[in-house]
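Peer 1: Need a 3D model of the following:
(chains A, B and C)
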Amino acid sequence: MRKRTIRIISGLGGAAAILAVTPHTAFAQELPTTQDYLNNLWVFIAGVLVFFMQAGFALVEAGLTRAKNVVNIFAKNMADAIVGVLAFFASGYALAFGGGGGWFSGTDSFFLEGNNLAEIPSGGLSVATTFFFQAVFAATAVTIASGAMAERTKFSAYLIFSTIMCAFIYPIVVHWTWGGGLIAKINIGDAVYSDFAGSGIVHMTGGIAAFMGALFLGPRIGKYDENGNARAIPGHNIPFAILGVFILWVGWFGFNPGSELLADEFVSTVAVNTMLAAAAGGLATTITIWLKAGKPDLAMIGNGVLAGLVAITAPVGAVTALMAVVIGFIGGIIVVFSVFFFDKIKIDDPVGAVSVHGVCGAWGLLSIGLFSTYDDAFLGREDAGLFYGGGFEQLAVQGLMLLIILVWVGLTTAAVFAGLKYTVGLRVTAEEEIEGLDVLEHGLSGYAADLAHLS
Amino acid sequence: MRKRTIRIISGLGGAAAILAVTPHTAFAQELPTTQDYLNNLWVFIAGVLVFFMQAGFALVEAGLTRAKNVVNIFAKNMADAIVGVLAFFASGYALAFGGGGGWFSGTDSFFLEGNNLAEIPSGGLSVATTFFFQAVFAATAVTIASGAMAERTKFSAYLIFSTIMCAFIYPIVVHWTWGGGLIAKINIGDAVYSDFAGSGIVHMTGGIAAFMGALFLGPRIGKYDENGNARAIPGHNIPFAILGVFILWVGWFGFNPGSELLADEFVSTVAVNTMLAAAAGGLATTITIWLKAGKPDLAMIGNGVLAGLVAITAPVGAVTALMAVVIGFIGGIIVVFSVFFFDKIKIDDPVGAVSVHGVCGAWGLLSIGLFSTYDDAFLGREDAGLFYGGGFEQLAVQGLMLLIILVWVGLTTAAVFAGLKYTVGLRVTAEEEIEGLDVLEHGLSGYAADLAHLS
Amino acid sequence: MRKRTIRIISGLGGAAAILAVTPHTAFAQELPTTQDYLNNLWVFIAGVLVFFMQAGFALVEAGLTRAKNVVNIFAKNMADAIVGVLAFFASGYALAFGGGGGWFSGTDSFFLEGNNLAEIPSGGLSVATTFFFQAVFAATAVTIASGAMAERTKFSAYLIFSTIMCAFIYPIVVHWTWGGGLIAKINIGDAVYSDFAGSGIVHMTGGIAAFMGALFLGPRIGKYDENGNARAIPGHNIPFAILGVFILWVGWFGFNPGSELLADEFVSTVAVNTMLAAAAGGLATTITIWLKAGKPDLAMIGNGVLAGLVAITAPVGAVTALMAVVIGFIGGIIVVFSVFFFDKIKIDDPVGAVSVHGVCGAWGLLSIGLFSTYDDAFLGREDAGLFYGGGFEQLAVQGLMLLIILVWVGLTTAAVFAGLKYTVGLRVTAEEEIEGLDVLEHGLSGYAADLAHLS
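Peer 2: Residues are numbered from 1 along each chain as shown, chains lettered A, B, ... in the order given. Okay, here's the model as predicted:
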C-alpha cells in the first residue's frame, strides 16, 4: 500500500518525487483501483480546505488593520489567489516538479504541457491532483507576505511581487525539497531534511518574504512616536480576525493531513497532532500575554493558535500527540516575544506574519531535531524513520536547510523589493496612506457611508 | 467502472438518467462495493460544498447593497435554502427525475414517496445522494435571482416566487436536460446538448429569472438621475462581498467536480479547470476594469471570478486546462461590458447577477461549440466524446438549448412576477424603500444602534 | 460490512463500544482495507465540518449581542476550542472511552497514553479518528453554554467552567451512553436508549449547562424594566448571526452523517433527513413568529433552523424523510414559545441557547418514542431496529435517559457555578458590564475607532 520507499523523501515529497522522475512516461494502462481514487479524491478535498485558507488570511489581515484599507487588503488577498494559481500554472509547477531538472529546477511542464492530467500512476497521484494541491500551497506561501506589507503597499507593486513569488521564488524552494533538488540531496550522516507539510518550505518562506517586504517598506506613518517607541494601531474588526483564525484552523486540517498524500491510517493521527498543537499554542499565548500584559489579548491569542499550527506543520508526522502539544505550546510562547521584538526593532508587521510564519516556521523545522523521538510502538508507523534520522545530525541538517531557504528567499525577495522600490515604486504616497488606500487605489470604500444613518 | 455509456447524457445527466429510467425497480440486492460507497460519499460531500454557497450568495448580495436592507437580504437567502429544500422535496425532484415522465416532466416521487432512499444501484448513486445533490443545486438556481431583486422586493412576494421556482420552473429545465426530456432528445447531426454542471441549466436559468425580476420591479429609487444616467449605489460592506466570493469559489469545487457523479480520475481535472477559469476570469476583469475605469474596482473583480466560474461550468469536462483559462478569461471580459450594458438600459441589478449568471452562463454553453477540441491524448478521457459532438453542429445545438431555456424560464418567470405584481404586490412602498426594508419588513435592524458608541 | 451487531449500541456508540471493550489489545496485524481507510477518512472529514461549527457558534453569539462585548464573545468561543481539545485529550477521552470502566467512567487512556493511535481495527475506527471526532463534539457541547452566559461572565470563571465541562461533566454523559455505561445498561422491555448523534448527549447537555449558567448569573443589566417586563436587547450584527447559522447548518452535515461512523449507504439518508428537518424548522418558526409578532423576525428564524437541526439529531437514523420534516417542524414551533417562556421567567439567555439546544434537544430525544415507525421497506435499513425498540417502552426509556442527564448535568454544573460565584466570582462588575467587557477584560475593542471617519 505505502509507496514511499525512498528514504530521503518525506511528506509531500513522496508522490512528487515519483512525478519528478517520470513525468512523461506513459504509465502502463492498468486501471486505477478504488484506493487510487480514494487517495486522489482525498488530496483534492484537502486542497479545497487549503484553498479556503485564502479567506482566512484575508479576514485576519483585514481584521487587524484599519477600515480605510480594507478594500485594498481584500484586493491583495484575492489577487494572491488569482495570480498564485495562474503563475503556478504558467511556470511554478514546471520549476518545482517538471522533468529534466537537476539540483536547481525542473525544466519542462510549463502550462502543464505534455502531461496527461487525469492519469493516475499506480498508488500515486495524477498530475491534476498534484497540481491542484501544490497550487493552493503556492497561493498560501505568497499571501503570508501580504499581512506584513499591509496599509502602505502600492497595489501594482504588490501584484508584481506576488507573480514573481509564485512563478519563481517559492517553486524553487519546493524543487529543492519535495522536488528532489538541492536540499533533498544533502545528508549529514544518516540524517536528511524533514518537513512534512511545510513549516519551512511554505511558512518560513512566506515569513522571510514578509520580513523583507516590511523592511523595504518601512513602518506605517504613526506607528512610532517621536521617541521611536512603538504605538499600537488597533485593528478595526476583531471578529473578522478571529473568524479568519477559525477558518485557517479548519484549512490546516487539509494542509497537514492532506500532505500525507494518501488516504491511509495516518491521516487521522496527523490531524490529531495538528489539532492539539493549535490548541496548545493558543493556551501558551493566553498564559504568556496575560502574565506579560495583564490581560488576555484576543488578537495575540489568535496568533498563538496560528503559531502552534505553523510549528507542528514540519514535525507533525514524526511526533507523538504529547510532543505535538509541547511543540505547539513552545510556538505559542515564542510568537509573543517575537512580536514584541520585531516591533522594537522597527519592523512594522501589522498582523505578526513574520513572527507567526517566519519565526515559528523555523521553530517547527528545528523541533524535528529535538523532539521527534521515533518510537515505532508509539507511533505505530513503520515508516516513521522517513521523517527522522536522529538527534544532533538531524538538528544540523534542519539548521542547514533553514539557512539555505533563508539565503535564497532573503536575497531574491530583497532583489524584487529593491527593484520595485526604484522603478514603479513600492509604497503609496503619505497623503494616500493617511487617507486610506481604498478610495485612491480602488475607487471604493469598504463600508459605504450609509452606516452613518445607524449612529 | 464508468457507467456513462449513453452518448446523449453528459455531466449530471449520467446517473440521473439511470434513475429516471428505473426509479422504482427493486435493484437486485447485490452488496454495494467500496467504490459505490466512495462515489456516494463524494457526491454527498460535494453537495455540502454546494450548500455552503448559500452563505456565499448571501454575503455577496449583502455586501454590495446598503446596510438598511441587510436583514431582508439575509432573510431572502435563508428563505431560499429553506424553501428550496422543501419545494424540491415536495415536487421538484418528482418533476425533474420522477418516473413515468415523457418529454415534459416526471410524474411521480413527490415527497420522495415510493423510493428506497438508501439503496445504491450498482455503480450509481442512491436516491438520497441524488436528492441531496440536486436539492442544493435547486437552492442555488433560485438564490441567483435574489441579488438582482435586492432592496425593493416584498418579502412575501419573494417567498412565493422562490417556491414556484424550486417546485416547478427550475425542475422542468432539469428534466428537459439531465432528466432526459425535451432538450436531451434533440440532436443536430452527431451533436447533442452538453452542459456538464449547469452553466445553462442552473446559472442561466437563475440569470433569466433575475432579469425578469429586475425588469418587473423597475430600478431602485435614486438609481437614475433626472437625466436618466445611472448612479452608483455603493455596497455597504465590501469585506462581506469578497468573503462571499471566496466561499462561492470554494463551493464551486463541489459544484463542478461533484457533477462528475463518481470518484474517478477526472474529479481533479475538473477541479483544475474550475480553479484556472476562476483565476483567469478575475485577471481579465482586473485588466478590463483598470483600463476602462482607471482603477481596479474590487467589487467588479469579484464578479470577474464568478464570471469565470459560471462560464467554465458547462465545458469543464470537455476542455484542456489552457482552454479553461481562455474561456474563463473571456467570461471576465464579458461580465464588465454586460454590467455596464444593463445599467445603461435601466435594468437595475444591484449585484450584477444577470451579467454573471445569465450572460456568462450563456457564454459557457456556447463555448463548448467553440473550444472543446476533443483530444484523447491530451484529456486522457476516453469518454470525452460524450461532451462534444463537434464544431458547428455542436454550436447549433448549444444555441438551440439556450433559446429553449430562455423562452421557458423567461415566460414562466414573467408570468409569476406579473401575477405577483397585480395581486399581493411585488414591490415595497417608496417610504419603506427609503427607510430600508429591515425594520418595516422584519422588525429588526441589521446593526443595532450601539455601534454608535464606538464613534 | 456493518459491524454494529450489539443491539444496545446506536449511532456513535457502535465503534466507540468496540474501542471501549478493547482499547489496549494489540489488534492482529491484518492490513486495513480500502473500506477501512474510507471509513476513517470520512469520519475525520465529518469531524472537520463539526470543528467548523465553532466559528458558527461564535458568529451567532456575537451577532445577537452588543458590539461592546464582541471581543469577549470571540475569546470565549476560541477558548472553548482550545480548552475543549486539551481537556478532552487530558481527561475527557479517558473518562468517556477509556478501558477498565464500569458504569460510571473509564479509568485509563489519560493523555491517550497506552494507545496506538493509528491502528485501525478491522471494520472500525482508529483511536486517532475516534478522538478527533469526539473531541470536536466535546468542544460543541461546552460552547453551547457560552451564548446563554453572554455579556456578563468573567472570562477567568468561564475558562474554569469550560475546562471542567470538557474534562469531566460531558465525558461522563458520553460514557453513560455511547461509552456503554449507566444509561446504555438500562432497558425497559425491548427498548434501550437511542440518540444517534446527540440531541440529548450533546445538545441537551449543553442546554442544561446554559440554563444553569444563566440562572446563577442572573439577567443582564437593563434586560428587565422596573415592572419586571423583558426588554429586547437587539443584536449588533444580524449578518454575523445568520452567517453563523449557515455555517452551523453546513457543520451539521458532519455532525449527523458523520455519526454513522462508516461510509455506507446511510450517510446520504442521514444527510437528507438533516437537511429537511432544518428547513422544516426554519419554515415553522417563520410561520409561528409571523403570526405571533406580525413580522418574520430573522433572528428567530435562524433559531428555528437550529431547532430543527437539534431536534433531528437523535432520531435522524430511525425516521423517514417525511417524519424528519415533521420533527423539525415541531422543533421550529417549540423554540419560539420556549424563548418567550424563558424570557418571562427571567432566565436571560441572549441567544436562545437553552431553548434551541436544551428544549429542542429534549424534544429530539422524545420524538424517537413517538415518530420512529421502523419500516424496513421504507428505510431500507436492516439495522433500523438498532435505533428503535418500539412505542411506549421506547418513549419511557427516552424519558428516563432525559431525566438522568438532567439530574447529572444540572447538579454538577450548578455545583461548578455556585463554587465559582463564591470564590473567584462568576460575574463582572456592573461598571464593567455597562462599559462592555472587551476593553476591561481583554484590553481591546472589537471595532476600532477609525470606523468613525466613515460616517
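
Peer 1: For the stretch 101-250 of chain A, which residue gets nearest to chain B?
Peer 2: Taking CB to the nearest CB, chain B has its nearest neighbour within the stretch 101-250 of chain A at residue A:128, 3.7 Å off. Using the backbone N, CA and C atoms, a C-beta is placed for each residue, glycine as well.

Peer 1: So which bits of the host helix or strand of that residue are buried?
Peer 2: Taking DSSP states H and E as the definition, one finds residue A:128 inside helix A:127-148. Of the residues in helix A:127-148, A:127-148 count as buried by neighbour count, 16 or more other CB atoms under 10 Å in any protein chain shown.

Peer 1: ok so, going back, next up, the contacts around the residue of the stretch 101-250 of chain A closest to chain B.
Peer 2: Residue A:128 makes contact with A:117-118, B:268-269, B:271-272, according to CB atoms under 8 Å, 6 or more residues apart in numbering or on different chains.

Peer 1: just residue A:166 next, same as before
Peer 2: Residue A:166 touches A:83-84, A:87-88, A:92, A:138-139, A:141-142, counting by CB under 8 Å, 6+ apart.

Peer 1: same deal with residue A:81?
Peer 2: By CB under 8 Å, 6+ apart, residue A:81 lies in contact with A:51, A:54, A:139, A:143, B:246, B:249, B:279, B:282.

Peer 1: Next, give phi and psi for the nearest residue to the second one once chain neighbours are set aside.
Peer 2: Spelled out, it's residue A:54. Distances taken as CB to CB, 6 or more residues apart in numbering or on different chains place residue A:81 nearest to residue A:54, at 4.9 Å, with adjacent residues excluded. The phi/psi pair for residue A:81 (degrees, to the nearest 10) reads phi -70, psi -50.

Peer 1: Could you report the distance from residue A:81 to residue A:52?
Peer 2: Taking CB to CB, to the nearest Å as the measure, residue A:81 falls 11 Å from residue A:52.

Peer 1: Now the common contact residues for these two.
Peer 2: In terms of CB under 8 Å, 6+ apart, residue A:81 and residue A:52 are both contacted by the residues residue B:246.

Peer 1: thinking again about what came up before, closest to chain C out of the contacts of residue A:166?
Peer 2: Using CB to the nearest CB, residue A:139 is the member of the contacts of residue A:166 that sits closest to chain C, with 19.9 Å.

Peer 1: Show me which residues of the stretch 51-200 of chain A are close to chain B?
Peer 2: Proximity of the stretch 51-200 of chain A to chain B (CB under 8 Å from any CB of the partner chain) is limited to residues A:51-52, A:54-55, A:58-59, A:62, A:70-71, A:74-75, A:77-79, A:81-86, A:89, A:111-112, A:116-120, A:126, A:128-129, A:131-132, A:135, A:155.

Peer 1: Show me which of those residues are buried.
Peer 2: The buried subset of those (16+ other CB under 10 Å) comprises A:51-52, A:54-55, A:58-59, A:62, A:70-71, A:74-75, A:77-79, A:81-86, A:89, A:112, A:116-120, A:126, A:128-129, A:131-132, A:135, A:155.

Peer 1: Residue A:53 contacts residue A:140, doesn't it?
Peer 2: Yes: here residue A:53 reaches residue A:140: they are 5.9 Å apart, a contact under CB atoms under 8 Å.

Peer 1: got any residues that touch both of these two?
Peer 2: residue A:255.

Peer 1: if we can go back for a sec, output the helix holding residue A:128 as CSV, restricted to C-alpha atoms.
Peer 2: C-alpha atoms of helix A:127-148 as CSV (Å, rounded to 0.1, in the frame of the first residue of the first chain):
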residue,chain,number,x,y,z
VAL,A,127,-0.8,15.4,-12.3
ALA,A,128,-4.2,17.2,-11.9
THR,A,129,-4.4,16.2,-8.2
THR,A,130,-0.7,17.2,-7.6
PHE,A,131,-1.1,20.5,-9.4
PHE,A,132,-4.3,21.4,-7.5
PHE,A,133,-2.8,20.6,-4.1
GLN,A,134,0.5,22.3,-4.9
ALA,A,135,-1.1,25.4,-6.5
VAL,A,136,-3.1,26.2,-3.3
PHE,A,137,0.1,25.7,-1.3
ALA,A,138,1.8,28.3,-3.5
ALA,A,139,-1.1,30.7,-3.0
THR,A,140,-0.7,30.3,0.7
ALA,A,141,3.1,30.9,0.6
VAL,A,142,2.6,34.2,-1.2
THR,A,143,-0.3,35.5,0.8
ILE,A,144,1.7,35.4,4.0
ALA,A,145,3.7,38.4,3.0
SER,A,146,0.6,40.4,2.4
GLY,A,147,-0.1,40.9,6.1
ALA,A,148,3.3,42.3,6.9
